[in-house]
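*Asks:* Here is a sequence together with a model predicted from it:
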Amino acid sequence: MSEILAIRVRNLRSLKDTGFIELRPITILVGRNSAGKSTFARILPLLRQTAEVRKRSPVLWWGRLVDFGSFADSVNRSSETREVEFGFRVSIVRSEFALRSISRVSLQNHQNQRSQEVEVTLTMREDASTHETVLSRIQILRGSDVYSIDFSGGDKIRKVTVNEFAWQPPDKYKQEVAFGSILPTIQFLEARTIKGEEGEVKAFFRVEPLRSQLISYFLDTSLVHGNTSAESINDLCLQLDPENESQLLALMQNAGRGLPSWTATAASMTTNDPRFVHLRNRLLASELDNLMRQVDEAIVSTVSQCAYIEPLRATAERYYRKQGLAVAEVDSKGSNVPFFLDSLNSSERERFDIWMNKHFQAGIKTSSDGGHLSIKLKDAAGNETNLADVGFGFSQVLPVALQLWSASQRTKRARLSRRRLPPSTVVIEQPELHLHPEYQAKIADLLKSTIDSGHVHLIVETHSPSIINRLGLLVCSGELTRDQVQVLRFDKDESSNETIVALSEFDDKGVLTNWPYGFFDA
């Protein structure tokens, strides 16, 4: 399954370099105010709002979910490079191109390698004249291979490098770099003159210069006879999967039977042959656009399923005016909770009622009065009370509980239907607001029930020792495993204004390791 496995960020506000942080089922973020917890928590919502729209820049710093201001507001003030980097370790599925190129003999072995880990880094800076965010570089690491795309001005490629191979786009090509999701799509266009009814017309046609450069390399280095057609060379290349060196050599020596010059050349090659190394790098470069699409799909598949609950949530109202809008998810403020509840069918309402009674000993229902809705809270005795007349804390925890329940239902449906969906991710800031410590501890049970449903990532920013202590008890009792939970401690150096992120984990007895004494003390 294509998805994000870990995230790294450099020079974003006080976060100098987080290193790669794994996405576990439960990730707890703790630290003092302004230490960078919220900055890290909001990365996935930032990427979601970025991926949802077409834009001129690689990142949408402010949008419907979060507001980072601008690049100048977001970059680390002490950064000498004045660049921000987002790094991802992703799992991708092998492309159709690679599967086409595998011989029948090796197909069975290759199928076990279809999923692989890749690291990608996006480096951004601010354009000095327009003050817009532009791309500086995209770097991809796949195995021992290093791919780099360097940009000039953000919308033009200056150089493409694959291991030792470097290529600069000739000026004759028009470049189109578009930001539709996370990684850009890149097209090269060549101007050609065509004859029409009204005479000659200049038009642009899409070309693949790296594929053309690859074909030229076969001819320029006499890997094939000089009269070999470009079509024959292209057909040969389609049989070659360059990712694995030894496998590539075997494919080379068994492909192109109708090209005697190539057959003789390939038979004499070894993996240390400079011709083999140069050819392999050019083959990798020719498929770079396909690799970028795969990486982009992995990132987008994760961020598109990210739900976000912000710390300042909507307060309960006595009545809500009905709207005829379809409600697909709870918004970040929880302001559409009554309409989301009202959109549930009877079976879903019953399941959510069971969920709330299990964790908070209270049921939730909506009541309709003409053109208005109200939210009613039902206690264990069956008494109903308008949510506006209940303590403030319950109205604040309701969006959290509803968002977590919704994520659990999605993963359960996918599991029952045996569909492989991207993981649901829920980012919550300060779920414990206005709650008594006893109810804060119940949040931990809520998190545990959510990940029990299946493949879910929960990222929770909190100041509550009750939540952390309860998670420790769940690990000690065996209800959670120690590898399901991690606690990230954000420690800010006031002199440098930079944050160090330290990892703490529970041992088998539910005790936090690498944890400073008196961390929550005043």
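*Replies:* Noted; the coordinates are in hand.

*Asks:* low-scoring stretches of the stretch 51-200 of the chain, by residue?
*Replies:* Low-confidence segments of the stretch 51-200 of the chain (pLDDT under 70): 94-114, 154.

*Asks:* quick one, helices of it?
*Replies:* If DSSP state H, counting those that start in this stretch is used as the criterion, the helices of the stretch 51-200 of the chain fall at 71-74, 96-100, 104-111.

*Asks:* Contacts for the first one, please.
*Replies:* Going back to what we said before, that points to helix 71-74. With contact meaning Cβ atoms under 8 Å, 6 or more residues apart in numbering, helix 71-74 is reached by 12-13, 61, 68, 84, 124-126, 131-133. (Each C-beta comes from the backbone N, C-alpha and C, glycine too.)

*Asks:* what do you get for stretch 358-366?
*Replies:* Residues outside stretch 358-366 that contact it (Cβ under 8 Å, 6+ apart): 338, 341-342, 349, 352-353, 356-357, 373-380, 384, 394, 397-398, 401, 439, 442, 445-446, 449.

*Asks:* and it, C-alpha only, in PDB?
*Replies:* Output of stretch 358-366 as PDB, limited to C-alpha atoms (Å, rounded to 0.1, in the frame of the first residue of the first chain):
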ATOM      1  CA  LYS A 358     -18.800   3.200  26.600                       C
ATOM      2  CA  HIS A 359     -16.300   6.000  27.000                       C
ATOM      3  CA  PHE A 360     -18.300   8.800  28.600                       C
ATOM      4  CA  GLN A 361     -21.400   7.100  30.100                       C
ATOM      5  CA  ALA A 362     -23.600   9.500  28.000                       C
ATOM      6  CA  GLY A 363     -25.500   9.200  24.800                       C
ATOM      7  CA  ILE A 364     -25.900  11.900  22.100                       C
ATOM      8  CA  LYS A 365     -28.800  12.600  19.800                       C
ATOM      9  CA  THR A 366     -30.100  15.400  17.600                       C
END
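
*Asks:* looking at the chain, which helix or strand is least sure?
*Replies:* helix 104-111 (a mean of 42; mean pLDDT, DSSP states H and E).

*Asks:* ok now do the nearest residue to residue 375 once chain neighbours are set aside, which residues does it touch?
*Replies:* Leaving aside its chain neighbours, residue 375 sits nearest to residue 387 (4.1 Å; criterion: Cβ to Cβ, 6 or more residues apart in numbering). Applying Cβ under 8 Å, 6+ apart, we find residue 387 in contact with 316, 374-377, 394-395, 398.

*Asks:* filter the contacts of stretch 358-366 to the buried ones?
*Replies:* 338, 341-342, 349, 352-353, 356, 373-378, 394, 397-398, 401, 439, 442, 445-446 (16 or more other Cβ atoms under 10 Å).

*Asks:* Show me the residues you listed that map onto strands.
*Replies:* Of the buried ones among the contacts of stretch 358-366, the ones assigned to strands by DSSP state E are 373-378.

*Asks:* May I see those residues arranged in JSON lines, with distance to residue 410 as well?
*Replies:* Formatted as JSON lines, these follow (distance: Cβ to Cβ, whole Å):
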{"residue": "373", "distance to residue 410": "24"}
{"residue": "374", "distance to residue 410": "27"}
{"residue": "375", "distance to residue 410": "23"}
{"residue": "376", "distance to residue 410": "26"}
{"residue": "377", "distance to residue 410": "25"}
{"residue": "378", "distance to residue 410": "26"}
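
*Asks:* give the contact list for the closest residue to residue 339 other than its chain neighbours.
*Replies:* Nearest non-adjacent residue to residue 339, counting by Cβ to Cβ, 6+ apart: residue 327, 4.8 Å away. Counting by Cβ under 8 Å, 6+ apart, residue 327 makes contact with 336, 339-340, 342-343.

*Asks:* Residue 49 now?
*Replies:* Applying Cβ under 8 Å, 6+ apart, one finds that residue 49 lies in contact with 60, 63-66.

*Asks:* Closest one to residue 405 out of the residues you listed, please.
*Replies:* residue 65 (20.1 Å; Cβ to Cβ).

*Asks:* Contact partners for that closest one?
*Replies:* So residue 65 contacts 42, 45-46, 48-49, 308, 332 (Cβ under 8 Å, 6+ apart).

*Asks:* if we can go back for a sec, for the residue nearest to residue 339, helix, strand, or coil?
*Replies:* Three-state call for residue 327 (DSSP: H, G, I helix; E, B strand; the rest coil): coil.

*Asks:* got the phi/psi numbers for it?
*Replies:* phi -110, psi 110 (degrees, to the nearest 10).

*Asks:* Start the count at 6 instead of 1 going forward.
*Replies:* Sounds good: first residue 6 from here, last item residue 332.

*Asks:* what's the distance between it and residue 349?
*Replies:* From residue 332 across to residue 349, the span is 9 Å (Cβ to Cβ, to the nearest Å).

*Asks:* what does residue 29 give?
*Replies:* 30 Å.

*Asks:* for residue 385, same thing?
*Replies:* 22 Å.

*Asks:* again with residue 133
*Replies:* On the measure of Cβ to Cβ, residue 133 and residue 349 end up 52 Å apart.

*Asks:* Give the residue from the two that has the larger number of neighbours.
*Replies:* residue 349 (18 against 8; other Cβ atoms under 10 Å).

*Asks:* so what's the more buried one up against?
*Replies:* Shown in contact with residue 349 (Cβ under 8 Å, 6+ apart): residue 357.

*Asks:* What's the per-residue pLDDT of it here?
*Replies:* Residue 349 is assigned 91 on the pLDDT scale.

*Asks:* Then the one 5 residues further on?
*Replies:* At residue 354 the predicted local confidence, pLDDT, stands at 91.

*Asks:* Equivalent analysis for residue 459, please.
*Replies:* 84.

*Asks:* What's the local residue count around it?
*Replies:* Residues near residue 459, counting by other Cβ under 10 Å: 19.

*Asks:* same check, this time on the one 5 residues further on
*Replies:* By the measure other Cβ under 10 Å, the count of residues near residue 464 is 26.
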